[in-house]
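Undergrad: Got a predicted structure plus its sequence, pasted below:
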Amino acid sequence: MGVASSRPGAQYPSTQTAEMSPVQDIYRKVRISNVSAKIDNAPTKLDETSPTVLKYRTPDFRASALVQMGPLEEGEKWKVGWIQACTEMMFHNTYGADGFTSWEFPELKSGRPMISDCDGRHYPWYGSNDETAIFKGPCKEREAYVAMHDNFHPHVTWRNPANSGQKDPNLTRVQRDQSFYVWLVAWNMADRRSYILKTIRWTMKLDIMVQPQRPLGHRAKLVSDPVPEQPQLVSRNVPIPKCALVPPNANSAQMLVWRPCEGKPLVIIPPSWTEKALDPSPSNHQPDSRL
């Protein structure tokens, strides 16, 4: 994946070559099989054991593939793994007639097409364990299984977090609609060229109605379809924009905004990521290459 620099000393993978590299040639070196993408066929689980928050856990999205590499010569080194980016997010928690809280990404609000959903440490990869594999020459043919999974398991306050004087529970609805692209990418670590091997598109939608006046344990009900929409293996690979490869990632960019029915919005939790917080050390932002 070529190297692009958005500030002195910081190096990030770029998809400039990922869009143009001859994929037909790379298939002679990297071969994939048993590609799978699915969401567990189970409903979202609700948990009302806490007097302060409603918890829920969505079924897992899972992607996996068998990667066969080689043979490789001396000096050749490849990394193959999963990259994920969020393209859309609507996450509203409604508190009766007062208004709703909204988890938002300023980057998406400002017009970026997507935001990285990496682990925040090994840009741009989704993770650094089962999610990636490194192949180093010289060696004969080798294979590795790469897999990732994702789900949502947030806590939603029963009471309006923007009103410190709110005594009684007044959460009435939870809505979420979030979409992602996932790519299986091969990166030649010697010449820094990248190749998109597979593209996946998936969405998670849920709608929970809440009767806050009812006893704890009997308030929330899942009213959206309990059968999750299954992911799509995209027939033609989608290019990865640079914004999906560099900071910030989704967890550090998200902010919680109170949007009242009357009055001005209020930021309750600001993003934890800022430009000043970015460590300029090159070693912290190069693609991870440890064996």
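TA: Yep, it's here.
Undergrad: what about the helices in this structure?
TA: Counting by DSSP state H, the chain forms helices over residues 23-26, 106-109, 250-253, given from the N-terminal end onward.
Undergrad: Near Tyr56, how many other residues are there?
TA: 20 (other CB atoms under 10 Å). Yep, even glycine has a C-beta here, placed from its N, CA and C like the rest.
Undergrad: Test my guess that it contacts Gln175.
TA: No: under the criterion of CB atoms under 8 Å, Tyr56 lies out of contact with Gln175, with a separation of 11.9 Å.
Undergrad: Return every residue with contacts to both of these two.
TA: Here Tyr56 and Gln175 have Leu206, Ile208 as joint contacts, going by CB atoms under 8 Å, 6 or more residues apart in numbering.
Undergrad: can you pull out the strands in the stretch 1-150 of the chain?
TA: For the stretch 1-150 of the chain, applying DSSP state E, counting those that start in this stretch gives strands covering 3-7, 10-13, 30-39, 45-47, 53-57, 61-69, 77-95, 99-104, 115-116, 132-136, 142-150.
Undergrad: how about the ones you listed, which one is nearest Asp191?
TA: Ranking the strands of the stretch 1-150 of the chain by their distance to Asp191 (criterion: CB to CB) puts strand 77-95 first, at 10.0 Å.
Undergrad: could I have the closest one exported to CSV, CA atoms only?
TA: Backbone C-alpha positions of strand 77-95 (Å, rounded to 0.1, in the frame of the first residue of the first chain) are rendered in CSV as follows:
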residue,chain,number,x,y,z
LYS,A,77,7.1,-10.1,2.6
TRP,A,78,3.4,-9.8,2.4
LYS,A,79,0.6,-9.0,4.8
VAL,A,80,-3.0,-10.0,4.1
GLY,A,81,-5.9,-9.0,6.3
TRP,A,82,-9.2,-7.3,6.8
ILE,A,83,-9.9,-3.5,6.7
GLN,A,84,-13.3,-2.1,7.8
ALA,A,85,-14.8,1.4,7.4
CYS,A,86,-18.1,2.8,8.5
THR,A,87,-20.1,4.6,5.7
GLU,A,88,-23.3,5.6,7.5
MET,A,89,-24.4,5.8,11.1
MET,A,90,-27.8,6.8,12.7
PHE,A,91,-27.8,6.0,16.4
HIS,A,92,-30.6,7.8,18.2
ASN,A,93,-31.9,7.4,21.8
THR,A,94,-35.2,9.2,22.3
TYR,A,95,-36.3,10.6,25.6
